[in-house]
Structures are given as C-alpha cells and as structure tokens.
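1. Below: sequence and its predicted model.
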Protein chains: 2
Amino acid sequence: MENENIGRYGFCVEPYTEDATGHVSLSFLGNQILRCAGMHATAHGFGYEQLIEHNLVWVLSRLVLTFEDRPKTLEYYTISTWVTKVYRQFTERLFRLEAENGEPMGYGFSIWAAIDYKTRQPIDLEKLPDGGFSSVLLPKDDFPISGAGRVRVKSEEPVYQHQAGFSDLDINGHVNSMRYLEMILNLFSADFHRTHQIRRIELQFCNESYCGDTLLLFREDRNENVCDVEIRKGDAVIVRAEIETAAL
Amino acid sequence: MENENIGRYGFCVEPYTEDATGHVSLSFLGNQILRCAGMHATAHGFGYEQLIEHNLVWVLSRLVLTFEDRPKTLEYYTISTWVTKVYRQFTERLFRLEAENGEPMGYGFSIWAAIDYKTRQPIDLEKLPDGGFSSVLLPKDDFPISGAGRVRVKSEEPVYQHQAGFSDLDINGHVNSMRYLEMILNLFSADFHRTHQIRRIELQFCNESYCGDTLLLFREDRNENVCDVEIRKGDAVIVRAEIETAAL
C-alpha cells in the first residue's frame, strides 16, 4: 500500500516499553499512534505547530484500535496513517499496524476535532485554509474496523478508583488519553491478560480531567468477550469505552 | 568525554512523552536510562540476552538521578553510561545526560546485582566469565553526585494509596521501577511541579510488588526542599526514596 498521502513511520519495540505479556504495551503503542497522526498532519500543513498559530489545537474525540497481534521486544513494525474524511467539525483518520514482513497486525480509526484554544469551541474543518486535508483524502473502502458501538453503562457501583496525579498529565495539563486506557486495562487481572488478547478497544473521549480529580470506573459485561466501561468524575462522563477480548 | 568503554545513545523528545511542565517526563527518561544500561551491558558481553543463558538477570538496587534541567519537546539529547566499579555482588554504573550542545543536564548513579533467576540469590560479579565488566571500568573521579542518603520514614499515616494494576507491570510481571517514581511524583501537586524543579531523586529498591498489591506511600519532609518517602506493602518496604526539589 504505497501512496504519497499515507504517512509511514517505522519503530522497534524498545525494552521497558512492553507490558507483562512481552508485547509493546497498548498505552505506549497508543501514544505512538497519536504521534504518527501528528507527524502526518504536520507533513500536510495541519500539525500542532501550524494550528497553534491560529489558536487552534487538535482534540481526539474517538479512537478504535483492533489487533490480531502486537510486536514483541526488539521486533520492528510500521504505523501507517492517512485521512479519509473531513465533515463539518470533524476529520476521520485511519491507521494500520504492520509487522516487519508487511503482515497487518492491527488497524485504527479515529475522529478528531480542531478547537479554538481560547473559546474551546470547535471550528468548521471544511473552511481550513487550502481546504485542510481535503487534497489528501483517501477512500475508506473495505477498511476492516467494525462500526462504532453504543456504550451505555448504567452501573452505579464503581469497580476501580484512581486519583489523577501529576504523572497522569500530558503537556496540556489534562490526563493523557492513554492513561485512561491503562486504567481500563487494570480492570482485568494480570492472569486474564496472560490468557486473553485485547482484540478491540473503542474509546470515546467526552470530557477532560485534571490533577487531583477522583476518577471512578464503572463496568458492565455484555457477554463473555465484550464489556463496556465508563470513567466518571462526579456526574460527568470522562470516557466511554468498549473492550473486546478473546481467549488465547 | 570520549572513550570506547562509554556507551553514548542519542534521543529526541517525542511528543506524548512529556509531563505537564513540557519536559520529557522523569519516568520516561528513567526507562531510557535503564535501557541505555542494557545496551551498554550487551555491547560488553553482559546484557540481558547473555546473562539469561546462565539463568542470571540484572536487578536494579539503587538509582540516583540529579538534574540541572531536562530536554523539552523535539530537543535532542544524549545519555552516556559506563561502569566504574565491580565489588562482590554489585556493580556501579554511572550516567550523564547531555543537551545537544554538549552541556551536561544531569547525572545518574546506579547499583546493580545479578541474581540467579531460579534461586533469586545474587552471584559474585567478580567471578563472571572474563572478569565481567572489569576490563571496561572507568574511574569515578569528580563525578558530581552526592553520596547515598539514609532514608528513614517513621510515619504510619499513608498520604497516597495505589492498587497496582496490569498497566504498572514490566515484562517480568513486577511493578516497573519507574512506576514507583511516578507514584512518588504524584505526592506533589501539578502547581508544585510547575513552580519547582526536581533536582535529585534517590530510589532504593528493596522488594518487588505485583498486580493487585495495595501500595501505601508514607512521606516525611526533612526541610523545605528535601523529603523522604517509603512505599510499603503491608509491613514490607518496597521502595525508599529521597526527593530534593528547588523553587524555580
């Protein structure tokens, strides 16, 4: 799959970035995927450095990741990313994770908004200078990610509590989006992780949280393999998530 | 400072690896420092891959890091490491953090043991094949790190609690040593971190902890700038730490 509008970024699994299963950790890989989105946006004139001049910043609204497998220590892999759609305040960006031999290991789907840093209001991405990403859009035909789910957790009994601390924050002072994923993975025991694979994760980012916030996690199992999670701060939903696992 | 027995490894601060101050996070940098130790050990015949053949693994016993400054987003930096001493069951390894222009930004001092993976007993490092690191030892003259402190926390009132989860574990299934550092940094507010700099951290790794363990943090301030921390699991001390900060 070669196309000048696809960004391709090569990596190697560095020791100390693995989880207890010996694969690159999902949160580390997730941050790399977001980094690739940033590099691709910058290469096409709409990266962080370019948007900040217009008081705009990208905000991740939704991220879906699916995995057949993940690379292990010292294995090489590639993350590809491209933009498939711009509509009103949103843009859709896709990802592909490849093993060194070119075999696909996983896919990603994301939705981003650009918001005005001061007003916190989203802007119309179809009105970006030069049409924004519109000149680099690629078709989405046969992209192997299932449609977005409808996460609704009614439980009022939290199963995990985390007080957000300094180490959870990103450069903007918000809890890093991949920290939420780590909290969600903590709902499963180490033994579960060793005997099951995370096949699909859907994350909907609804609100931001900050240092000192008490985050409560609520969980509802749909069936043996799929569960819904909400991370709440008081009455506000911070993150809605759907996790699909499969026994190894 | 050029010497074939010094390992030099170049990096760039990738977006999503910073903390809320905009500098590369201490835990990410700490993992890189440990990774450099591994690469240097491998280059000299005593890395993970070589030791595991003899059922041996390196265990980090003590780590001291001092900082004048830390690199920020997209800045380049170098981590150098070399071995200065081998005595009985221990080896001393030093680190130097340099800005792109060669200016020192920080230093590190570490003590490691090699233990038998099965018996968990340390081995005599002076009896390693070929003398171990003895052929690559470098003098420690004028290395600018103050001597090891004597951390004693009497407090029985925990100030922070963390239930270790899957995301805290390293490839060996133990809580990653840099996760302890993150918990310790969480004892200070985001505002404190924005107005103060971490100047020195000393970490003594006493015992291991695992997924599901409840870790309690106890803190005692020696004075305005120095505080001692213990991380305990029940009656067992897991980590002793001393943190020195300075107002910016």
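-> That came through, no problem.
2. Return the helix or strand harbouring A:Arg199 as PDB; C-alpha atoms alone will do.
-> Assigned by DSSP states H and E, A:Arg199 belongs to strand A:196-205. What follows is strand A:196-205, C-alpha atoms only, in PDB (Å, rounded to 0.1, in the frame of the first residue of the first chain):
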ATOM      1  CA  HIS A 196      -6.600 -13.400  26.700                       C
ATOM      2  CA  GLN A 197      -5.800 -11.000  24.000                       C
ATOM      3  CA  ILE A 198      -7.300  -7.500  23.600                       C
ATOM      4  CA  ARG A 199      -8.900  -7.600  20.200                       C
ATOM      5  CA  ARG A 200     -10.700  -4.300  20.000                       C
ATOM      6  CA  ILE A 201     -10.800  -1.200  22.100                       C
ATOM      7  CA  GLU A 202     -13.100   1.700  21.500                       C
ATOM      8  CA  LEU A 203     -12.500   4.900  23.400                       C
ATOM      9  CA  GLN A 204     -14.900   7.900  23.300                       C
ATOM     10  CA  PHE A 205     -13.400  11.000  24.900                       C
END
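3. Go through that strand and flag the buried ones.
-> A:Gln197, A:Ile198, A:Arg199, A:Arg200, A:Ile201, A:Glu202, A:Leu203, A:Gln204, A:Phe205 (16 or more other CB atoms under 10 Å in any protein chain shown). No exception for glycine: its C-beta is placed from N, CA and C like everyone else's.
4. right, and the fifth one touches A:Glu182 too?
-> I take that to be A:Ile201. No - in this structure, A:Ile201 is not within contact of A:Glu182 by CB atoms under 8 Å, at 11.6 Å.
5. so where is chain A shaky, pLDDT-wise?
-> A:1-2, A:129-131 (pLDDT under 70).
6. can you give me the helices for it?
-> Secondary structure of chain A, counting by DSSP state H: helices at A:26-43, A:48-52, A:177-185, A:190-195.
7. what's in contact with the first one?
-> To tie it back to what came earlier, the one meant is helix A:26-43. A:7, A:9, A:11, A:17, A:19, A:47-50, A:58, A:60, A:63, A:65, A:70, A:79-83, A:93, A:95, A:97, A:108, A:110, A:112, A:133, A:176-179, A:181-182, A:185, A:198, A:201, B:14-17, B:167 (CB atoms under 8 Å, 6 or more residues apart in numbering or on different chains).
8. how does it look with 7 Å?
-> A:7, A:9, A:11, A:17, A:47-50, A:60, A:65, A:70, A:79, A:81, A:93, A:95, A:108, A:110, A:178, A:181-182, A:185, A:198, B:14-16, B:167 (CB atoms under 7 Å, 6 or more residues apart in numbering or on different chains).
9. what's the distance between that helix and the middle of its chain?
-> Relative to its chain's centre, helix A:26-43 lies at 9 Å (CA atoms, centre = their mean, to the nearest Å).
10. residues from chain A in reach of chain B?
-> Contact residues (CB under 7 Å from any CB of the partner chain) of chain A with chain B: A:14-16, A:18-20, A:22, A:27, A:31, A:34-35, A:38, A:165-167, A:169-171, A:173, A:182, A:185-186, A:188-190, A:193, A:211.
11. Report the buried members of those.
-> Judged by 16+ other CB under 10 Å, buried ones among the residues of chain A next to chain B: A:14-16, A:18-20, A:27, A:31, A:34-35, A:38, A:165-167, A:169-171, A:182, A:185-186, A:188, A:190, A:193, A:211.
12. In terms of position in space, what residue lies nearest the middle of chain A?
-> Compute the mean C-alpha point of chain A, and by CA atoms, centre = their mean the closest residue is A:Leu63, 4.0 Å away.
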